[in-house]
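Asks: Build me a structure from this.
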Amino acid sequence: MKDIHEIVAELVEEHGTNDPLELAEALGVMVELRDLGGLNGMYVQYKGQPIILLNRDLEKHDLIFACAHELGHHVQHSDLIKEPFLCSFKVFDFKDKTEYEANVFAAHLLIDDDELLDILTEGYDVLKAAMILEVNPILLNIKLSEMNREGYNFDTSWSTTRLY
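Replies: Next up is the predicted model:
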């Protein structure tokens, strides 16, 4: 069975992009901007059509992350949808396996390994690296944790300690 990193790498290679909006279109997933109140995004299927609903009030980097997260649900969890929808009420809910997997998918999609390694070799801490990459520091920490599973040894504690 392929791990999430392999799934993302294959998608990026096949479609030539890591942009979640472009990937959604390539995979036949409609993306709509809506007023979702406090909810960042939602993955739904309506009459068999997969749809990612995104909060139209999000800043661009949050919108991209929400789309990547919901795309992760489409790629990994569309078979779990027995209810009319699968929502991301708590994006960084580490107790819910499907939410964590969607976050891992987003982390691998939005954060390139080589670019991250280049930034880390320059001596930046997690917060500064997240700012450079324009990603949430929690998402970056997820990426680093996943890279540790692949053999790296990054300090994923919340500190300003250099990671590399």
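Asks: List the contacts of the longest helix anywhere in the chain.
Replies: Longest helix in the chain, counting residues (DSSP state H): helix 60-77. In this structure, residues lying in contact with helix 60-77 by Cβ atoms under 8 Å, 6 or more residues apart in numbering are 4, 7, 11, 19-21, 23-24, 27, 29, 31, 40-43, 50, 52-55, 58, 86, 88, 91, 98, 101-106, 109-110, 134-136, 139. Every C-beta, even on glycine, is put in place using the N, C-alpha and C of the backbone.
Asks: Give me the subset of these lying in helices.
Replies: Within the contacts of helix 60-77, residues falling in helices by DSSP H are 4, 7, 11, 20-21, 23-24, 98, 101-106, 109-110, 139.
Asks: Just the buried ones from the residues you listed?
Replies: Among the ones in helices among the contacts of helix 60-77, those classed as buried by 16 or more other Cβ atoms under 10 Å are 4, 7, 11, 20-21, 23-24, 101-106, 109-110, 139.
Asks: Can you measure across stretch 21-30, start residue to end residue?
Replies: Length of stretch 21-30, first residue to last, Cα to Cα, to the nearest Å: 9 Å.
Asks: Name the residues of it that come out as buried.
Replies: By neighbour count on 16+ other Cβ under 10 Å, the buried set for stretch 21-30 is Leu21, Leu23, Ala24, Val29.
Asks: Including distance to Ser157, could these go into JSON lines?
Replies: Listed next are the buried residues of stretch 21-30 as JSON lines, based on distance: Cβ to Cβ, whole Å:
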{"residue": "Leu21", "distance to Ser157": "33"}
{"residue": "Leu23", "distance to Ser157": "32"}
{"residue": "Ala24", "distance to Ser157": "34"}
{"residue": "Val29", "distance to Ser157": "36"}
